[in-house]
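A.B. asks: Dropping a prediction and its sequence here:
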Amino acid sequence: TTTSSSSSSSSSSRPPSSLADFPEWVHCKCPACGSDARRETDTMDTFVDSSWYYLRYPDAGNVSDMFSRESADKWLPVDVYVGGIEHAILHLLYARFIMRFLHSEGLVAADEPFTELLTQGMVHGHTLRHPRTHKPLQSHEYQRMGGKLVTTDGGEEVLESYEKMSKSKFNGVDPHEVVEEHGVDATRLFMLFKAPPEKVLMWETDGIVGQTRWLRREWTLVDRQP
C-alpha cells in the first residue's frame, strides 16, 4: 500500500510502527504513476500484539529474553483456549501462526499453543428499536402504555428483540447492579442455569429470582442444622 509523500502513515497520538525506522523501505515510487510515495507502516492488527502472551506469562520475570525455552516446554501447550467467535478467526489464528513459526525455528517444542478450543456464546440483551428507523432506543425514548412499550415521540409500539450486548444498542446490563441486588452466588448460578458456556445466553434479570429463592432455601436448611 502506498500513500502520497506528503501524508503521514502514523497517527500523531501514538509512536510510529517499527517499519517507519527503515526509510529505504518506506520511501518508494508509486507503482501506478511513478511519483514519489511512501509505504504504509501501520499494518499490524492489535491481536498480533497479544499473539504470544501465553509464552510470556510463565516467564514474566525474564529480563533478558522474551521467554525461556525451559519455561515454554514446561507449561505449553495451554490446556484450554476460551474466547468468542471473533477470537477464533483473529487472535487464535495469529497465536497459532506465531507458535508454528517459533516451533519451525526450534525455539519451542510444541507446534500448537492450545490443546482445546472452547468458543463461548455471546450474552444477548433485551433490545428496543424504533419501528420506523430501527434505531436502538434509550430508556427516555420509550415508555410503557397499556401493557405495551411505545415510543415517547409518537406512541408507536417499539420493536423488541434479543441482540448481542453493545453500548451502541443500549442493551447492556451492569453486573454490579445485579450483584448488589441479588448477590454474587445467585448471579453465577443464573448464568450457569440459563445456558452452557458455548451457547448464546439471553439475559433476563427477572429470571434470577428463581436462583435467589433456591439459595435462600439452601441457607435455611443449613442454618437449621444443630
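C.D. replies: Nice, I can see it.
A.B. asks: Going by C-alpha atoms from here, please, whenever you check contacts or count neighbours.
C.D. replies: OK.
A.B. asks: quick one: the residue nearest the centre of the chain from Pro197, how far?
C.D. replies: Taking C-alpha atoms, centre = their mean, the centroid of the chain lies closest to Gly84, which sits 6.6 Å from it. Here the criterion is C-alpha to C-alpha, to the nearest Å. By it, Gly84 lies 10 Å from Pro197.
A.B. asks: what touches both of these two?
C.D. replies: Gln120, Gly121 (C-alpha atoms under 8 Å, 6 or more residues apart in numbering).
A.B. asks: Identify the residues contacting the residue nearest to the centre of the chain.
C.D. replies: Residues in contact with Gly84, defined by C-alpha under 8 Å, 6+ apart, are Thr119, Gln120, Gly121, Met122.
A.B. asks: Give me the buried stretch members for the longest helix anywhere in the chain, please.
C.D. replies: In the chain, taking DSSP state H as the definition, the longest helix is helix 208-223. For helix 208-223, the neighbour count (16 or more other C-alpha atoms under 10 Å) marks Ile208, Gln211, Thr212 as buried.
A.B. asks: can you put the residues you listed in CSV and add distance to Ser161 and pLDDT?
C.D. replies: Converted to CSV, these look like this (distance: C-alpha to C-alpha, whole Å; pLDDT from 0 to 100):
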residue, distance to Ser161, pLDDT
Ile208, 20, 88
Gln211, 24, 89
Thr212, 26, 89
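A.B. asks: before we move on, back to that, which elements pack onto the longest helix of the chain?
C.D. replies: helix 184-194 (3 or more C-alpha pairs under 8 Å, 6 or more residues apart in numbering; DSSP states H and E).
A.B. asks: how does it look with 10 Å?
C.D. replies: Under the contact criterion of 3 or more C-alpha pairs under 10 Å, 6 or more residues apart in numbering; DSSP states H and E, helix 208-223 touches helix 175-182, helix 184-194.
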